[in-house]
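>>> Let's see this in three dimensions:
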Amino acid sequence: MAQRGPVAAEPDTGVDPRVEALRSAVHRMRRELDAYPAELRDRREAERELDVLAASVHSGAPATEELRHALLLLAAAVGSVSALALPLAAVREAVELFGTAPRAAH
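Coordinates of the predicted model:
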């Protein structure tokens, strides 16, 4: 049967979609890292940076510079692991949604 009338939109939750994207990407990265069976020399560092990113999501207004720093350290910790490349790319894309941090005047 054909649908009549406009489809009702999702209710506005007031949550920034960038925050939701970051929350989802961090959650996926955590799941993939936890499931990765091989020994990772920098696993603790990766877990710490995921904790930083998760905490920034809970603050509601994450600081771009803090996000980029955590992403840099996370990438350094797991960047050479091809099995984690896709979830890491998703975290990077979510961080990029927040734009660039303003440069300090010299």
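>>> Would you indicate which residues of the longest helix seen in the chain are buried?
When secondary structure is assigned using DSSP state H, the longest helix within the chain turns out to be helix 17-35. For helix 17-35, the buried set under the neighbour-count rule, 16 or more other C-beta atoms under 10 Å, comprises Arg18, Val19, Ala21, Leu22, Arg23, Ala25, Val26, Arg28, Met29, Arg30, Glu32, Leu33. In short, each C-beta sits where N, CA and C put it, glycine included.
>>> Contacts only, for the nearest residue to Leu33 once chain neighbours are set aside.
Spatial nearest neighbour of Leu33, excluding adjacent residues (C-beta to C-beta, 6 or more residues apart in numbering): Ala46 at 5.9 Å. Residues in contact with Ala46, defined by C-beta atoms under 8 Å, 6 or more residues apart in numbering, are Leu33, Leu40, Leu74, Ala77, Val78.
>>> Ala46: which element?
When elements are assigned from DSSP states H and E, Ala46 belongs to helix 43-59.
>>> tell me the angle that helix makes with helix 17-35.
150 degrees (axes from the mean of the first three to the mean of the last three C-alpha atoms, to 10 degrees).
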